[in-house]
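Enquirer: give me a 3D structure for the following:
(3 chains)
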Amino acid sequence: MSVSTPHTEKPATASAPVPQPAGRGRDSGPRRGVQPSRILLVALLTVAALYFLLPVYWLVVASTKSSADLFGTFGLWFSDPQWLDNLSKVFSYGDGIFWSWTFNSVLYAGVGGVLATLLAGAAGYALAVYRFRGREAVFRVVLAGVLLPSTALALPLYLLFSKVGLANTYWAVLIPSVVSPFGVYLCRIYAEAAVPAEMLEAARVDGAGEWRIFGTLVLRTMTPALVTVFLFQFVGIWNNYFLPLVMLSDDRKYPITLGLTTWQAAANRIPELNQLTVGGAFLSVLPLAAAMLVLQRYWRSGLTQGSVKG
Amino acid sequence: MSTTINRTKKPGPSSRGRSARPDRAAWGFLLPFVALFLFTFVLPLGYAVYQSLLTPVRSGPLGLGPATLGFAGLDNYALALQQSAFLESFARVLLFGLVQIPVMLLLSTALALALDTLSHRWAGILRAAYFLPYGVPGVIASILWGFLYVPGVSPLTDLLGRVGLAPDFLGYDTALWSIANIVIWEFAGYNMLVIVAQLKAIPQELYEAARIDGASAWQTAMRIKLPLARPALVLTGVFSIIGTLQLFAEPLVIKPLTPAVTNSYTPNLSAYNEAFANNNIYLAAAESVILALVASVLSFGFLSLVNRRKGRDAR
Amino acid sequence: MNSSPPSRRSVLRWGAGAAGALASVPALTACGQTVGAARATRQQTARPGQKVRLVFWTWVPMQKTVDLWNRTHPDVQVEMQTIPQNVTGGYQKMHASLTAGNPPDLAQVEYHELPSFMLVNGLTNLSEYGADELRDSYVPWQWQQGVFDGKVYTVPQASGPMGLFYRRDLFAKWGIETPATWAQFEQAARVVKARGNGARLCAFAPNQPTWFAAMCWQRGARWVRTEDDTWVVDMDDDLSREVAEYWERMVRDDLVFVEPDMSNAWYKHVQTGQISAWVGPQWGDALLRGNAPGTAGKWRVALLPQWKAGQKASANWGGSSTAILQGTRHPREALRFAHWINADRRAVDLNVSVGYGWPAAAGVFRGSALDKPDPFFGGQRYNDVFTVSDRAIDTSWKWSPTTDADFARLQDAFGAAIAGGGTLTGALADAQHSTVDNLRAKGLKARSAR
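Expert: Numbering: from 1, shown residues only, chains lettered A, B, ... in the order given. Next comes the predicted model:
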């Protein structure tokens, strides 16, 4: 946090008493009395909050209902809650396949996120610190990678992976997930600003090799950027749908997103799957939503670095 | 620290004098990424281009016998560009982007600016609420909103129906905007956070100066904060453009609910159906290549447009 | 993009294979290689005492039948995996797995989909494994669906003879006689609209071209035929146009709901009596039973309304087979299982209970689970109606090998028509053209009949 802290934390406290220009002569019309405009502002912000929370609230309510009540009763209020019963059905259905999906999602997003972060960290660091032939060329290609929509690549990837026998394997989702051009971009910009040349020189004078310097000093210095890249990639993989959809045909390898849509698509033949889809959606949203809230500040601090250069 | 200095500068090729150690170390750090990048970006594109030049040659009674691959030249591209549905899908996502991106960024900016005037605690709670949907995967968000759109099942149509309104979220004219709503719901909070981060990075002295000059909160927001949030808006803008062209999961999930969403509703959906439902992987490869080209042109174009403007403003 | 030379030296395990793929780009060495399934079927000789494990993809919930097989056949264990129904993702998965060379051994494939699987060499030639001997166990026209160029490619499972499901209580309340002709059906729709307090007789589902095809099938149309090596497409004929005009009028006069069938919105209407009739297939019984349990006892089944009074024309909607996909290592075991699940009496009884359709197995109806009065249909022996319907199906109807793409186009055109961007008849004309195009795009000979 060393570099970005001063920039993120200071204004956070300072912004609290934002000037209220009470009775300023220049103000015109409705803004003359400050209170009404402030009430209006708070009201609008509250309405916005309701909008963002409504579907999640609906999900919480719906996950407590029986299949019949899901369609038969008013959606925004509870009716005969049978929450534990529903959720245990989610886990037990189809030989507990929901467990597999959860495990796979965690595996894809967790392992993919960590590896992507390390690769991006190393590449970004190299692009920031060393001067070598082809540096700008590599950076430009990476930038092009940032701008290329990943789903435009999913189909070509599938064609290629089928050819080399990687389709329908864990690798098919993992390998593309560990490549994050945006992560490289972020890491380069961060490393340029945060890794002092003097520190590297001092370490070299002490006789440390390049890899040791990276493994000890640099990684620690770059932690805030790395955390951001990890979060970015983790969420990206967790939410990804197109890639696993085209790559995987064995449902034991599915992540949660793909699994739930399979349930939903089969619901017209097996009505209870409607309830299971809702219950499964609830279970899958919960941990990530919680993580989002807890990790909010990392997003902010790290993203400053990226956006500033945008 | 150095951040503040660097922040005002573009990362030029030789902006800092670093040690000129042998290239070997640099390539050592780069190799894992670059190798995988080639394997997952460059190679697939090359392979797709190759596949897009092929076509099956049939044999046997009614063509149901064994088939072989032949060279098709640019036939697949011609075929893709002849399909009105495929071209319409581009027009559709462009229209979608032209409306959805400004609305979303306006909402994100408004929320960010408004939150900036609130007390720390309340801002924190509200910001969390706005950001929450980012943690909901697109398909799941679409499943949720799907339940809220279907008449007879949705509590929204239920409530609005009682007030005498009968909105048809899944009609032919409305389905696209219902999908836009899902996308806005997912990403408005995230974009807001990027802008908030940018606002936090603005030196406090500027606010102080504005206050001393007697600027109102509204004026501060419009004249100082908004221009300074510009880089964040550019970043979110670029990502939104890329995201729009990728539109896939949302229409795919909404599709069973309404005939308004067709099989080639977006370029991605079209390529997907061509490859897997219609089994024309060669045509699908051509469609993918076209999509990648259009996407690159659009996002590069947007960036260079913004940069040129920035250059002009600076002068 | 290839601007960084050192990275060519890929250290990855897969690098070699991938490079091989890329190396072929300039030379176009793939020209002449076979298209379609990446792996060919081959019988693996089983070692004594070794268990064979088969994977079976289906969207019909027949787990209980599979369980019975697994209990009675310890040497061949079948794992059933539920996949999305047909074009909602099921076929996509199958094609993807065929291309990738890791298909399941068995899969649910509908009759109209078989020609497209033939196009990609996706089915195992079962004549090589003795399938011809099984021929007499099945209804001839259903068996013929899987025969191409004299060879057997699939084991038929079930068809979908159509009938009219209707709510007798509501019909009685509104004073509606069971419609015997389409004219009476339209009249009934007008009565329901007038007296039903917001209810409609039924829904027109623009998402369901297969249903519409069945309606044209009943009218006597033949959408596809073959002449020598050429596919002849005839969707925009007078008979189909008559059907299109009929439903266009129903939609225009607001006599029907316009919504996807078998969707949550549609089920809601069925549950609440807003919809009181369904021109549906025999396998629809399970859907009604499962999704609208509250309406039990109130439904009845009648024969399809006719275009001319006194006729007995019928149609088929859906119909599936158990295909053995190209690439299996156990075609013999798979064929044994496919025959058992579709022809064994106990298996058929279990399948019937989950609404798998009208058995393709010959002579299993009498005494089966189908041959009973059903409380959901108020004690009616409703399958007697479908027995009559089944016999009346004109079995010369053919499917094109591009049915998915054709129907996708028809579906989109119906959508546009409903939105006001055209007519149902216009949609037919459009589908006629695109079907010819689709066939030609696949490298097939095709022409329009008019």
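Enquirer: what sits against the closest residue to residue C:419 other than its chain neighbours?
Expert: Excluding its sequence neighbours, the residue lying closest to residue C:419 (CB to CB, 6 or more residues apart in numbering or on different chains) is residue B:172, at 3.4 Å. C-betas here are computed from N, CA, C, even on glycine. By CB atoms under 8 Å, 6 or more residues apart in numbering or on different chains, the contact set of residue B:172 is B:260, C:415, C:416, C:418, C:419, C:420, C:421.
Enquirer: what packs against the helix or strand in which the third one is found?
Expert: Meaning residue C:416. Element membership of residue C:416, judged by DSSP states H and E, is helix C:403-416. When contacts are defined as 3 or more CB pairs under 8 Å, 6 or more residues apart in numbering or on different chains; DSSP states H and E, helix C:403-416 packs onto helix C:114-119, helix C:209-219, helix C:424-441.
Enquirer: what would those helices look like in CSV with distance to residue C:126?
Expert: As requested, the helices and strands packed on helix C:403-416 are exported to CSV (distance: least, CB to CB, whole Å):
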stretch, distance to residue C:126
helix C:114-119, 12
helix C:209-219, 25
helix C:424-441, 26
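Enquirer: nearest to chain A, of the ones you listed?
Expert: When these are compared by CB to the nearest CB, helix C:209-219 sits nearest chain A, at 14.0 Å.
Enquirer: neighbouring contacts of that closest one?
Expert: C:112, C:162, C:205, C:223, C:235, C:239-240, C:242-243, C:247, C:261, C:279, C:281, C:304, C:307, C:313-318, C:394, C:397, C:406-407, C:410-411, C:414.
Enquirer: and if you look at stretch A:266-276?
Expert: A:65-67, A:70-71, A:86, A:89-90, A:93, A:263-264, A:277, C:59-61, C:82-85, C:262-264, C:267, C:286-287, C:290-291, C:355.
Enquirer: just the buried ones from the contacts of helix C:209-219?
Expert: C:112, C:162, C:205, C:223, C:235, C:239-240, C:242-243, C:247, C:261, C:279, C:281, C:304, C:307, C:313-318, C:397, C:406-407, C:410-411, C:414 (16 or more other CB atoms under 10 Å in any protein chain shown).
Enquirer: those in strands, which ones?
Expert: C:162, C:279, C:281, C:316, C:317, C:318 (DSSP state E).
Enquirer: the fifth one against residue C:158, yeah?
Expert: No - in this structure, residue C:317 sits apart from residue C:158 without contact. The criterion is CB atoms under 8 Å, and the distance is 11.6 Å.
Enquirer: out of the contacts of stretch A:266-276, which sit inside helices?
Expert: Per DSSP state H, helices hold the following members of the contacts of stretch A:266-276: A:67, A:70-71, A:86, A:89-90, A:93, A:263-264, A:277, C:264, C:267, C:286-287, C:290-291.
Enquirer: gap between stretch B:29-37 and the chain center?
Expert: Put simply, stretch B:29-37 sits 26 Å off its chain's centre (CA atoms, centre = their mean, to the nearest Å).
Enquirer: list the buried residues for that stretch?
Expert: B:29, B:30, B:31, B:32, B:33, B:34, B:35, B:36, B:37.
Enquirer: next one: stretch A:80-93
Expert: Neighbour-count burial for stretch A:80-93 [16+ other CB under 10 Å]: A:86, A:87, A:89, A:90, A:93.
Enquirer: cool, stretch C:381-392 as well?
Expert: C:382, C:383, C:385, C:386, C:387, C:389, C:390, C:392.
Enquirer: quick one, phi/psi of the fifth one?
Expert: For residue C:387, the backbone dihedrals are phi -60, psi -40 (criterion: degrees, to the nearest 10).
Enquirer: so who does it touch?
Expert: residue C:365.
Enquirer: local confidence estimate at it?
Expert: Residue C:387 carries a pLDDT score of 92 in this model.
Enquirer: state the distance from it to chain B.
Expert: 33 Å (CB to the nearest CB, to the nearest Å).
Enquirer: next: the third one.
Expert: Taken as CB to the nearest CB, the spacing of residue C:385 relative to chain B amounts to 30 Å.
Enquirer: what's the helix or strand for that residue?
Expert: Per DSSP H and E, the secondary structure element for residue C:385 is helix C:383-391.
Enquirer: give me the distance from that helix to the chain's centre.
Expert: With CA atoms, centre = their mean, you get 19 Å for helix C:383-391.
Enquirer: I'd like the buried residues of stretch C:381-392 as CSV, with distance to residue C:298 appended.
Expert: Formatted as CSV, the buried residues of stretch C:381-392 follow (distance: CB to CB, whole Å):
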residue, distance to residue C:298
C:382, 13
C:383, 18
C:385, 17
C:386, 19
C:387, 23
C:389, 21
C:390, 25
C:392, 27
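Enquirer: I'd like to know which of those residues is nearest to residue C:198.
Expert: Nearest to residue C:198, judged by CB to CB, of those is residue C:382 at 28.2 Å.
Enquirer: ranges for the helices of the stretch 1-150 of chain A?
Expert: A:5-14, A:34-62, A:67-72, A:83-129, A:135-147, A:150-163 (DSSP state H, counting those that start in this stretch).
Enquirer: deepest-packed of those helices, please.
Expert: helix A:150-163 (a mean of 26; mean count of other CB atoms under 10 Å in any protein chain shown).
Enquirer: how big is the angle separating it from helix A:135-147?
Expert: Going by axes from the mean of the first three to the mean of the last three CA atoms, to 10 degrees, helix A:150-163 is angled at 100 degrees with respect to helix A:135-147.
Enquirer: ok, helix A:150-163 near chain C or not?
Expert: Yes - applying CB under 8 Å from any CB of the partner chain, one finds helix A:150-163 touching chain C at A:158, A:160, A:161, A:162, A:163.
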